[in-house]
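Enquirer: I'll drop the sequence and a predicted model, then ask my questions.
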Amino acid sequence: MRRFFRWYALLTKRLLRKPVFLILLCCVPLLAGAMALVAKQDSAVVTVALVCDTADPSALRVRDRLLHSDSLVRCTEYATEAEGRAAVAQSRADAAWILRDSTADELQRFASGRGTRGAVLVVEREDTVFLRLAREQLAAALYPEASMALFRSFLIERLNVPEDAPEEFFDRYYQTKIMDEPIIVFSHLDGSALDTGGAEHLVAPVRGLLAVLLVLTGLASAMYYCEDARRETFLRLPAARRRALPLLCHLTALLPMALAVLLALWAAGLLGSLLRELGLMLLYCLALSVFSELVRKLCRSQAALGAALPVLTAAMLALCPIFLDLNLLAPVRHLLPPYYYLNAVHSDTYVWQLALFTLCAAIPALAIPGRGERG
């Protein structure tokens, strides 16, 4: 064991002498922290021209909810409908939400089933996924007013409350029926609370991108070892030790980068339980060490390994749950270590699957002879 740590220290010292690697280690947490700061600023992905050219109380309340909501939608207020339409036409806004001067009356007509021409006019230049999500935000802002209108209609039609009763009566009675408990509770697979904050969408891909960075670090170490094998740097070592030496070389690159990744997760506000994160990261580094060595053995040359890097990177970005979790090419995604790591953050099942992946990949990684390596 003492000899193992001596070799690890020597190999790490050799790697840390490279300025590029040291710069990369420092940049990773700094960039993640910068992204977290940006996420606290304007994190909207949809810009809406909001028009409320009316004194209608329901319209004013809807306007206030939209202007002060922390979400993917940034609402910019315009004075008139013409200005809102012009903002959409000139690409200064993705859509225009125009609150009618009869918003309260339209909602009441909707509640009583008398037909309505709509409380809000939505003007869009095109139909996109983000605009469809933005409509949910508009519906959420309208919901309290629609709920109040339905409640008012129920009191009038079922309990014979006079239709001309003061609005204060309806408001006071309605407030007594409001429940503060949430209707929907979000959680991870392990039961921990899921943060649904407005800026979360900007920092959410950070963990996935860092996981891919670790894979690239391991593969870069594999390319570096190809050069060592060509120069026969470790030829004087016994064959039995030389067989496992590449795994140790990959770990010397992965572990410092893993520490930088953990610091980056902390800077981005994504670091969970420290013990779980450390244990999972150590297992992930072992898996990447084995995976990198297996890819090196299969590629057989430094040039082929370099050509495989963009293909593997594209596959990880597309198939692993980084930006979107698309259930495509399931057999292929199960061959990629980030798939297990990202799912294992909140699932013990994937932790065991990652351990099994490491064991299964280690067998061919150690058994396949490397090109040009003497036994």
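Expert: Great, that's in hand. Numbering: from 1, shown residues only.

Enquirer: Low-confidence ranges, the stretch 251-375 of the chain, go.
Expert: The model of the stretch 251-375 of the chain has pLDDT under 70 over residues 370-375.

Enquirer: In it, mark out all the helices, start to finish.
Expert: For the stretch 251-375 of the chain, the helices defined by DSSP state H, counting those that start in this stretch cover 274-299, 302-319, 330-333, 337-344, 348-367.

Enquirer: buried ones in the longest one?
Expert: Of the residues in helix 274-299, those buried by neighbour count under the rule 16 or more other C-beta atoms under 10 Å are 276-277, 280-281, 283-297, 299. Where C-beta positions appear, they are placed from N, C-alpha and C, glycine not excepted.

Enquirer: same deal with the second one?
Expert: Going by neighbour count (16+ other C-beta under 10 Å), the buried part of helix 302-319 is 302, 305, 308-309, 312, 315-316, 319.

Enquirer: Any chance of a markdown table for those, columns distance to Leu326?
Expert: Formatted as a markdown table, those follow (distance: C-beta to C-beta, whole Å):
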| residue | distance to Leu326 |
| --- | --- |
| Gln302 | 32 |
| Leu305 | 27 |
| Ala308 | 22 |
| Leu309 | 22 |
| Leu312 | 17 |
| Ala315 | 12 |
| Met316 | 13 |
| Leu319 | 7 |
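
Enquirer: Using JSON lines, please lay out the helices of the stretch 251-375 of the chain together with distance to Glu124.
Expert: Rendered in JSON lines, the data for the helices of the stretch 251-375 of the chain read as follows (distance: least, C-beta to C-beta, whole Å):
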{"stretch": "helix 274-299", "distance to Glu124": "43"}
{"stretch": "helix 302-319", "distance to Glu124": "29"}
{"stretch": "helix 330-333", "distance to Glu124": "35"}
{"stretch": "helix 337-344", "distance to Glu124": "34"}
{"stretch": "helix 348-367", "distance to Glu124": "40"}
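
Enquirer: who wins for proximity to Leu30 among those helices?
Expert: Proximity to Leu30 (C-beta to C-beta) singles out helix 274-299 among those, at 19.2 Å.

Enquirer: Between helix 348-367 and that closest one, find me the angle.
Expert: 30 degrees (axes from the mean of the first three to the mean of the last three C-alpha atoms, to 10 degrees).

Enquirer: between helix 274-299 and helix 302-319, how many degrees?
Expert: 130 degrees.

Enquirer: so what does helix 274-299 touch, helix or strand wise?
Expert: helix 200-231, helix 239-267, helix 302-319, helix 337-344, helix 348-367 (3 or more C-beta pairs under 8 Å, 6 or more residues apart in numbering; DSSP states H and E).

Enquirer: Out of the ones you listed, the one nearest Leu22 is which?
Expert: Nearest of these to Leu22, taken as C-beta to C-beta: helix 239-267 at 9.1 Å.

Enquirer: returning to what we had before: single out the most deeply packed of the helices and strands packed on helix 274-299.
Expert: Sort these by mean neighbour count, taking mean count of other C-beta atoms under 10 Å, and helix 337-344 sits at the top with a mean of 24.

Enquirer: farthest pair in the buried residues of helix 302-319?
Expert: Distance extremes for those: the farthest pair is Gln302 and Leu319 at 25.7 Å, using C-beta to C-beta.

Enquirer: ok, Pro369 - how many residues close by?
Expert: For Pro369, the count of nearby residues is 10 (other C-beta atoms under 10 Å).

Enquirer: quick one: it and Leu50, what's the gap?
Expert: Separation of Pro369 from Leu50 (C-beta to C-beta, to the nearest Å) stands at 67 Å.

Enquirer: Check Asp56 too.
Expert: 14 Å.

Enquirer: Cys226 too?
Expert: For Cys226, the distance to Leu50 - C-beta to C-beta - is 58 Å.

Enquirer: Tell me where the stretch 51-200 of the chain has strands.
Expert: In the stretch 51-200 of the chain, the strands defined using DSSP state E, counting those that start in this stretch lie at 73-78, 95-99, 120-124.

Enquirer: Buried residues, the first one. List them.
Expert: Buried residues in strand 73-78, counted by 16+ other C-beta under 10 Å: 73-75, 78.

Enquirer: want to throw the residues you listed into JSON lines with distance to Val351?
Expert: Below are those laid out as JSON lines (distance: C-beta to C-beta, whole Å):
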{"residue": "Val73", "distance to Val351": "37"}
{"residue": "Arg74", "distance to Val351": "39"}
{"residue": "Cys75", "distance to Val351": "42"}
{"residue": "Tyr78", "distance to Val351": "52"}
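
Enquirer: Ser91: how many residues sit nearby?
Expert: 9.

Enquirer: So for it, what's the nearest residue that isn't a sequence neighbour?
Expert: Nearest non-adjacent residue to Ser91, counting by C-beta to C-beta, 6 or more residues apart in numbering: Arg125, 7.5 Å away.

Enquirer: Show the contacting residues for the one you found.
Expert: The contact partners of Arg125, by C-beta atoms under 8 Å, 6 or more residues apart in numbering, come to 88-89, 91, 94-95.

Enquirer: now swap in Ala149 and tell me
Expert: Contacts of Ala149 (C-beta under 8 Å, 6+ apart): 104, 107-108, 110-111.

Enquirer: now, which of the residues you listed lie within helices?
Expert: Using DSSP state H, the members of those that fall in helices are 104, 107-108, 110-111.

Enquirer: how's the protein carved up into domains?
Expert: 2-39+199-367, 46-175 (automatic domain parsing).

Enquirer: among these, which is nearest Ser187?
Expert: Comparing the domains of the chain under C-beta to C-beta, the one sitting nearest is domain 2-39+199-367, at 8.9 Å.

Enquirer: how far does that closest one sit from the chain's center?
Expert: 19 Å (C-alpha atoms, centre = their mean, to the nearest Å).
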